[in-house]
Every structure is written in structure tokens, then in C-alpha cells.
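Trainee: Would you be able to build a 3D model of this:
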Amino acid sequence: MSKLRVVSLLAAIVSLGILAPLARAQSSIAPGTASPIAAESTSSTPDQPLVAPAYQSPTEKTRLRTYFFDAFGPYPIFGSALIAAVNQREKTPPEWGQGAGAYGQRFGSNFAIAAVTTTTRYGLARAFREDTVYYRCECKGILQRFRHAMISTVTARRGADGHRRLSFPAIAAPYAGTMTAVYAWYPGRFDSRDAFRMGNYTLLAFAGENLALEFIYGGPHTLFSHLHRPAALGTDASSGPSR
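Mentor: Okay, here's the model as predicted:
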């Protein structure tokens, strides 16, 4: 295993190790009370108490648009191209060879894994009645926003109040994508152990996408931000523009 893979795997393990207690801390807020993120984002006056806007579940139109953006938008395309370049450099899998055709095969494989992962996550989220929309943090500071993006990787909003819980769909979907790849189009020597190893990287890539959504764009003047404007589309009034 290359140094890059070792570092990536260690980062994933460390991230997952710290996320569970952080997720429990966020989800311990009683229904009907303001969350820490909402409290930080809501202004008040001396004569008016601090009140957080109520959470509203995303509409079906919002769910559909975010699904297509997450499955076929610029982030999965860019991520698949980047990972394919790494695979090409490492000659993984070696059976696919080198050259433009091999790169195209690796890109197509990574893009398909991302599409299966996203489709699985959205499908399971509907069954578990979870909100798959990413809500940008209204907090200030790089560390707090980084923590929010990491927590959002393995959690989701649930219920009428939008409380955050550890999400089985978010955790299981990356492994469903890589398991499909291993048994559908990867060379025959690959098995479930390879699928699990690849799923760890897919989960880490999902965290990277959340970081991009948190830090690269999301404001009213940025590209694609209108897809997730909560005030216009009824997502989460306590959060800023999100994916």
C-alpha cells in the first residue's frame, strides 16, 4: 500500500473516531430548542430575545435537484478525474494498463462508483426519513466550519425539528458503491476486502466534498448556490446557502 493510501486511511479513521461524540453532542438538543449553529446565526436586539428560525424539511423539488447535482455535478466529475489520475499513476488496477483509454476506464469507474454511492444514500435516506441536503455552518472560524463539514459526512437531519443523528445511509452508501464496482466491472481477483478498503476512500472523498461545499462556495453570489438557498426553497432557515 502506498504512502498516499496509508495517510488517507489514517485520516479517515481519525475523522470517524472523533465524529461520533461530536454528532451525539449536536443531537442532544431537545426538540423545539435552538441549536448551537442556529443560535450563532440569529441576531437579537436588547428588546427582543434570541430566537432561532424553525427547521423546514426540503421540498421534493429541492431533493431532486440536489440529487442530480450531487450525483452528476461538477464535484463528482472533478473528483473522479482526480482519483483516476492517482489510479493511473499507481497503475491501479494493473489489468487496465496505461494510456488514454485506461485513464478513461478509470475515470468512468470512479464516476460510476460516485453515482451508485449518491443514489444509494438518497434512496436509503428516503427509507430512513433523513434529510440529505448539506447545510453550511453559520458559525465563524475555520476549525468550527471544518468540524461541521466532518460531522455532516456521517450524520443527517431527521424529524420535524431537523435534529441531527448518526446516519446509516451516509456511512453505508460509499461501501455499496465500491461493492458494486468490485463485483460488476473490476477484475475478478478483487473481493469484498478490496471493496471495503475502497469504500474507506470513498467516504473520505465524501468528506472532502463537504469541505468544498463549506469553504469554496455557498454565498448568494456564487455558482450553484441558488440550488440550496433555504429561504427560497424551504430547506433550513437556520443555515446559510448550502448544497
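Trainee: From here on, just use CA atoms for contacts and neighbour counts.
Mentor: Will do.
Trainee: Going along the chain, name the helices of this structure.
Mentor: Listed in chain order, the helices of the chain (DSSP state H) span 3-27, 36-41, 60-72, 74-90, 100-128, 142-154, 168-184, 192-215, 230-233.
Trainee: okay, those in TSV with mean pLDDT and distance to residue 161 next?
Mentor: Shown next, in TSV, are the helices of the chain (pLDDT from 0 to 100; distance: least, C-alpha to C-alpha, whole Å):
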stretch	mean pLDDT	distance to residue 161
helix 3-27	41	11
helix 36-41	38	12
helix 60-72	90	18
helix 74-90	96	29
helix 100-128	97	15
helix 142-154	96	17
helix 168-184	98	19
helix 192-215	95	22
helix 230-233	34	15
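Trainee: Which one of these lies nearest to residue 54?
Mentor: Closest to residue 54 of the helices of the chain, according to C-alpha to C-alpha: helix 36-41, at 9.4 Å.
Trainee: Against residue 194, how distant is residue 120?
Mentor: 19 Å (C-alpha to C-alpha, to the nearest Å).
Trainee: Counting neighbours, go ahead and name the busier of those two.
Mentor: More crowded of residue 120 and residue 194, by other C-alpha atoms under 10 Å: residue 120, with 20 against 13.
Trainee: got the contact list for that one?
Mentor: 169, 173, 176, 177 (C-alpha atoms under 8 Å, 6 or more residues apart in numbering).
Trainee: distance of the second one from residue 189?
Mentor: Using C-alpha to C-alpha, residue 173 is found at 23 Å from residue 189.
Trainee: what does the first one give?
Mentor: Computed with C-alpha to C-alpha, the distance linking residue 169 and residue 189 is 28 Å.
Trainee: Please say which of these two ends up with more neighbours.
Mentor: Taking other C-alpha under 10 Å, residue 169 and residue 189 do not tie; residue 169 has more neighbours (25 against 8).
Trainee: from memory that one sits against residue 129, does it?
Mentor: No. Here residue 169 does not reach residue 129: they are 10.3 Å apart, not a contact under C-alpha atoms under 8 Å.
Trainee: what about the closest residue to residue 199 other than its chain neighbours, neighbour count?
Mentor: In this structure, residue 199 finds its nearest non-sequential neighbour in residue 175, 4.5 Å apart by C-alpha to C-alpha, 6 or more residues apart in numbering. The local packing of residue 175 (other C-alpha under 10 Å) involves 25 other residues.
Trainee: and if you look at residue 216?
Mentor: Residues lying near residue 216 (other C-alpha under 10 Å) number 12.
Trainee: so how far is residue 151 from it?
Mentor: From residue 216 over to residue 151 the distance is 18 Å, taken as C-alpha to C-alpha.
Trainee: got it, and residue 193?
Mentor: From residue 193 to residue 151 the distance is 26 Å (C-alpha to C-alpha).
Trainee: of these two, who's got more company?
Mentor: Using other C-alpha under 10 Å as the criterion, residue 193 and residue 151 rank with residue 151 on top: 26 against 11.
Trainee: Done for today, thanks.
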